[in-house]
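**Student:** quick one, structure for this:
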Amino acid sequence: MAATFSLLPPTSCSSTTLLRHHHRNAGAKLLQLHLRHRKPFSTVIKSLSTPTPTLTQDDLKKLAAEKAVDSVKSGMVLGLGTGSTAAFAVARIGQLLSSGQISNIVGIPTSKRTAEQAASLGIPLSGLDDHPRIDLAIDGADEVDPNLDLVKGRGGALLREKMVEAASDKFIVVVDETKLVDGLGGSGLAMPVEVVQFCWQYNLKRLQELFKELDCEAKLRLEADGKPYVTDNSNYIVDLYFKTPIKDGDAAGREISALEGVVEHGLFLGMASEVIIAGKTGVSVKTK
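**Tutor:** Next comes the predicted model:
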């Protein structure tokens, strides 16, 4: 037979029963007193919670790069970009390859340092001679305007980057929100032009004259020791600093390229398939 419990007090009690009731009532009063003086539940939770960490610029770059790598599939030929943001993408590709989540890929690096990083991660490497068609390129950018046109090359690899990314069926750009500008050159930072070493001062002066109406200053890029920066292609870089954004990127690109001794410029126009942007509120994707 099942036991039955009643919540009502009995009609008659022994002295032992009354003593038990006394202890129970005293305990209940103590519990009520404790509850009255205890901190509210929400206050306790707040004091135990961990503050949300502030994302650094590198955190944002990593978020965008890893989002881009979601597009990588087994069997792809991949253009591997250069710079701090691209390095996060290369690292993630290496992780996926070593864990077996992707296989049979080939990387086309855009610089010697990217080649070194990729090789250290076990990513098979090749070049455009053997793989003239690339499935997907992933790289960062120094500036992105509302038309998804870019300034690239502050890392010094603009020539190889442009060659690889122009040969790609899809080019995903990964940036943090600080790289967004209303017009190219609008950040006030360098827009690079790769020039041959021969008579570089001649071309520096011509480049500055070309954009004098934009109050542009042209400077030879130097190493920390004061010597000229030399690209992987044994060229120099003249950096252009604009105080006014470039009005017509296509016209500017044509005029720069028309100068004898100019090898390549850092205007990447009409090349990006999509741009992945990491910001304080999350990751967004823009396409044309």
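**Student:** tell me which helix or strand the spatially most central residue of the chain sits in.
**Tutor:** Geometric centre of the chain, nearest residue: residue 61, 2.3 Å, by C-alpha atoms, centre = their mean. Per DSSP states H and E: residue 61 is located in helix 57-69.
**Student:** average pLDDT for that helix?
**Tutor:** Mean per-residue pLDDT for helix 57-69: 92.
**Student:** so how far is that helix from its chain's centroid?
**Tutor:** 4 Å (C-alpha atoms, centre = their mean, to the nearest Å).
**Student:** one more: stretch 110-127?
**Tutor:** From the chain centre to the centre of stretch 110-127 is a distance of 19 Å (C-alpha atoms, centre = their mean).
**Student:** over to stretch 120-135?
**Tutor:** 22 Å.
**Student:** how about residues contacting it?
**Tutor:** Stretch 120-135 is contacted by residues 76-80, 90-91, 93-95, 97-98, 105-109, 115, 118-119, 163-164, 167-170 when judged by C-beta atoms under 8 Å, 6 or more residues apart in numbering. (Each C-beta comes from the backbone N, C-alpha and C, glycine too.)
**Student:** all strands of the stretch 101-250 of the chain, in order?
**Tutor:** Ranges of strands in the stretch 101-250 of the chain, per DSSP state E, counting those that start in this stretch, are 106-109, 134-139, 143-144, 150-151, 168-176, 190-195, 217-220, 236-241.
**Student:** helices and strands around the third one, which ones?
**Tutor:** Using 3 or more C-beta pairs under 8 Å, 6 or more residues apart in numbering; DSSP states H and E as the contact test, the elements touching strand 143-144 are strand 150-151.
**Student:** same thing with the first one?
**Tutor:** On a contact count with 3+ C-beta pairs under 8 Å, 6+ apart, strand 106-109 meets strand 77-80, helix 112-120.
**Student:** and the ones you listed, which is most packed in?
**Tutor:** strand 77-80 (a mean of 26; mean count of other C-beta atoms under 10 Å).
**Student:** list the helices and strands that one packs on?
**Tutor:** Contacts defined by 3+ C-beta pairs under 8 Å, 6+ apart place strand 77-80 against helix 84-98, strand 106-109, strand 134-139.
**Student:** make it 10 Å
**Tutor:** Judged by 3 or more C-beta pairs under 10 Å, 6 or more residues apart in numbering; DSSP states H and E, the packing partners of strand 77-80 are helix 84-98, strand 106-109, helix 112-120, strand 134-139, helix 158-166, strand 168-176.
**Student:** the helix holding residue 61 packs against which elements?
**Tutor:** By 3+ C-beta pairs under 10 Å, 6+ apart, helix 57-69 packs against helix 84-98, strand 134-139, strand 168-176, strand 274-279, strand 282-287.
**Student:** I am finished for the moment; much appreciated.
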